[in-house]
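Undergrad: Here is my input, please return the structure:
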Amino acid sequence: MSRKVTTSPTTRESTMRFSTEQIHAGAEPDPVTGAILTPIYQSTTYVQPSVDAYLSKGYSYSRSGNPTVRALERRLARLEGGADGTCFATGMAAIQAVMLAFLNGGDHCIVSDVVYGGTYRFATKVLSRFGVTFTFADTSDPKNVERALRDNTRLILTETPANPTMKLTDIAAVSEIARKRSIPHAVDNTFLTPYYQRPFELGANLAIHSTTKYLDGHNATIGGAVVSRTAEQDAALRFMQKSAGIIMSPFVAWLTLQGCKTLSVRMERQSANALAVAEFLESHPKVETVRYPGLASFPQRELARRQATGFGAMLWFEVRGGLAAGKRLMDSIRVWSLAENLGSVESLVTHPVTMTHSDVEEAERRRVGITDGLVRLSVGLEDVEDLIAALDEALAQV
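TA: From the prediction side, this is the model:
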């Protein structure tokens, strides 16, 4: 893809396009040695030239900032087109920082009714203890967001496509609702990445990532990031990063910098594989339901085409025979690994009810469509013929 990226929502377009930026943005050759890769600055502290020149080199203590991590933050900001980025220890730390930065006791937050189980857990089991209230709304209909608004609503958090049901939120419509009330709209952009989906161009204020997923892409790290539309929003997040100590390590940042360099290539191949897998499953007599935004049968197909330039590599299906049949498939399949995580070069199969969404109450799971028999697939880079053959073989046994 030859899309140009913007350096911020208010500046001119960069002269470089996405695949060039994903390799070069935020990093320069080491000025001391000329090393082409950003060094791993594995240092706790930084010697200051004098009291009067404190922070003249920009760093004091690695909880407040690290040069390797800073290179990744700059790269992600460029790729998303935001003012700046802040990296965190995990994807959940990024979610936590957004909520802590923009919510106080007594505030209200609207969250998509289908989100990663950890987001639901942090909201309902942690922040609710401190007087923050949440409405988990079906944000696929913007009218539900309007109906959920209260005088004390201070944040709207949407996840699109949603994990694991793939339900979409109209980012532009929800962002317009938020703008009229001066409420930040945060979008979890983990599934599609800035290569396929551009939240800032659709009016959002914050783009959240579990860098563990597609940005790393190799099952090698745990990390998170938030890119902000404005410097003021980034400063609020950076304060939480420092205050709570939820920092990314230099080595994780270094590995993620390398993973980013192949993001566009991986996304295109994995998305092509996912479409082929989805088409195979949809035609299989033992499969009850398939949901993938690239299928003509996807209920929000028009929105998927309108607000993103690709469909990603996540999908789900249900086997005829329900939970028992689904378990047999997941326990016996080869090539696909039964594991949590997504976005890696390896293809993964996950049972959300047991794994990623086990902390969501059963009644709530059923309400939002996370059924016991739902099988989530994260499609990797393997030869798609092998992926389909493995599914076909496993389906023959159920």
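Undergrad: ok, the closest residue to Leu263 other than its chain neighbours to Pro199 distance?
TA: Nearest non-adjacent residue to Leu263, counting by Cβ to Cβ, 6 or more residues apart in numbering: Gln22, 5.2 Å away. From N, CA and C alone the C-beta is placed, and that goes for glycine too. Noted for Gln22: a distance of 17 Å to Pro199, by Cβ to Cβ, to the nearest Å.
Undergrad: same deal with Ala325?
TA: With Cβ to Cβ as the criterion, Ala325 and Pro199 are 37 Å apart.
Undergrad: More neighbours: the two, which one.
TA: Just comparing Ala325 and Pro199: by other Cβ atoms under 10 Å the higher neighbour count belongs to Pro199, 29 against 19.
Undergrad: now that one, nearest residue through space, not along the chain?
TA: Per Cβ to Cβ, 6+ apart, closest to Pro199 is Val187, 4.1 Å.
Undergrad: Run a quick neighbour tally on Thr262.
TA: 17.
Undergrad: Would you mind listing the residues in contact with it?
TA: Gln22, Gly217 (Cβ atoms under 8 Å, 6 or more residues apart in numbering).
Undergrad: Start at 311, not 1
TA: Let's use 311 as the start, then, which means that last one is Thr572.
Undergrad: what's around the residue lying closest to Asn473 once chain neighbours are set aside, how many residues?
TA: Excluding its sequence neighbours, the residue lying closest to Asn473 (Cβ to Cβ, 6+ apart) is Tyr426, at 4.8 Å. Tyr426: 23 surrounding residues under other Cβ under 10 Å.
Undergrad: Tyr426 touches Glu469, doesn't it?
TA: Yes. Contact criterion Cβ atoms under 8 Å: Tyr426 and Glu469 qualify, at 6.8 Å.
Undergrad: Residues in contact with both of the two, list them for me.
TA: Asp498.
Undergrad: on that earlier part again, would you mind identifying the next helix or strand past the helix or strand containing the residue nearest to Leu573?
TA: Applying DSSP states H and E as the criterion places Gln332 in helix 328-334. Sequence-wise, the next helix or strand downstream of helix 328-334 (DSSP H and E) is helix 377-390.
Undergrad: Could you give me the buried positions within that following helix?
TA: By neighbour count on 16 or more other Cβ atoms under 10 Å, the buried set for helix 377-390 is 377-383, 385-390.
Undergrad: swap in stretch 462-471?
TA: Thr463, Arg464, Leu465, Ile466, Leu467, Thr468, Glu469, Thr470, Pro471.
Undergrad: just those now: which is nearest Ser642?
TA: Nearest to Ser642 among these is Pro471, at 27.8 Å by Cβ to Cβ.
Undergrad: Give the closest residue to Ala530 in space, chain neighbours not counted.
TA: Using Cβ to Cβ, 6+ apart, the closest residue to Ala530 is Leu565 (5.4 Å).
Undergrad: for the one you found, what are its contacts?
TA: Asp526, His528, Ala530, Thr531.
Undergrad: cool, His528 as well?
TA: So His528 contacts Leu565, Gly569, Ser654, Val655 (Cβ under 8 Å, 6+ apart).
Undergrad: where does Glu672 land on pLDDT?
TA: In the predicted model, Glu672 carries a pLDDT score of 74.
Undergrad: Can you say which helix or strand has Arg616 in it?
TA: helix 611-617.
Undergrad: returning to that earlier point: and the helix holding Gln332, what's buried?
TA: For helix 328-334, burial by neighbour count (16+ other Cβ under 10 Å) applies to Phe328, Ser329, Glu331, Gln332, Ile333.
Undergrad: Among those, which one lies nearest to Glu695?
TA: Nearest to Glu695 among these, with distances taken as Cβ to Cβ, is Ser329, at 26.8 Å.
Undergrad: Which parts of the stretch 461-610 of the chain are helices?
TA: For the stretch 461-610 of the chain, applying DSSP state H, counting those that start in this stretch gives helices covering 481-490, 503-506, 541-554, 560-570, 573-592.
Undergrad: Could you export the ones you listed as TSV, including mean pLDDT and distance to Phe444?
TA: Converted to TSV, the helices of the stretch 461-610 of the chain look like this (pLDDT from 0 to 100; distance: least, Cβ to Cβ, whole Å):
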stretch	mean pLDDT	distance to Phe444
helix 481-490	98	16
helix 503-506	98	26
helix 541-554	97	19
helix 560-570	98	30
helix 573-592	98	31
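Undergrad: Nearest to Val678, out of the ones you listed?
TA: helix 481-490 (17.3 Å).
Undergrad: other SSEs contacting that closest one?
TA: helix 452-458, strand 463-469, strand 495-498 (3 or more Cβ pairs under 8 Å, 6 or more residues apart in numbering; DSSP states H and E).
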